[in-house]
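Student: Give me coordinates for this.
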Amino acid sequence: MRETTEAIVGAITGPLAAPSSLLLGRYDDDGHLEYTGSTTTLVQAASSTVAGLLASARRGHPWMGWSFSAGWGSRETLDVTLVEPKLVVEVGVDVARDASGR
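Tutor: The predicted structure is shown next:
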């Protein structure tokens, strides 16, 4: 099942000038930015476009101090750069489940 939805960019992998992927979130009912997932690797055109719209995070970012897994079941953590959570993107999402139904 594939659908399109909006998400907030809260962090990136790669340099701010050329992000490799976006870490996305959505605001919950209490106004907290909850992490929802990440994009696949961005193609160069998308990376260049997004780079011009991002700003480094200021003090008090909602994900400050968090670590992000490199993938399902992985103990490897991603090296991320927090960005100001102001950019809204439209993403095509796919629901994926592991063997346990998660």
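Student: list the contacts for residue 69?
Tutor: By Cβ atoms under 8 Å, 6 or more residues apart in numbering, the contact list for residue 69 reads 75, 76, 77, 78. C-betas here are computed from N, CA, C, even on glycine.
Student: Which of those sits closest to residue 27?
Tutor: Of all the contacts of residue 69, residue 27 sits closest to residue 78, with 21.9 Å by Cβ to Cβ.
Student: doesn't residue 71 make contact with the closest one?
Tutor: No: assessed by Cβ atoms under 8 Å, residue 78 is found out of contact with residue 71, at 9.1 Å.
Student: Quick one: the helices in the chain, in order.
Tutor: 44-51 (DSSP state H).
Student: Strands along that one, start to end?
Tutor: 2-13, 21-27, 33-38, 80-82, 88-94 (DSSP state E).
Student: The last one packs against which elements?
Tutor: To tie it back to what came earlier, the one meant is strand 88-94. When contacts are defined as 3 or more Cβ pairs under 8 Å, 6 or more residues apart in numbering; DSSP states H and E, strand 88-94 packs onto strand 2-13, strand 21-27.
Student: for it, which positions count as buried?
Tutor: Residues of strand 88-94 classed as buried: residue 91 (neighbour count, 16 or more other Cβ atoms under 10 Å).
Student: In CSV: the helices and strands packed on strand 88-94, plus distance to residue 58.
Tutor: Output for the helices and strands packed on strand 88-94, formatted as CSV (distance: least, Cβ to Cβ, whole Å):
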stretch, distance to residue 58
strand 2-13, 13
strand 21-27, 16
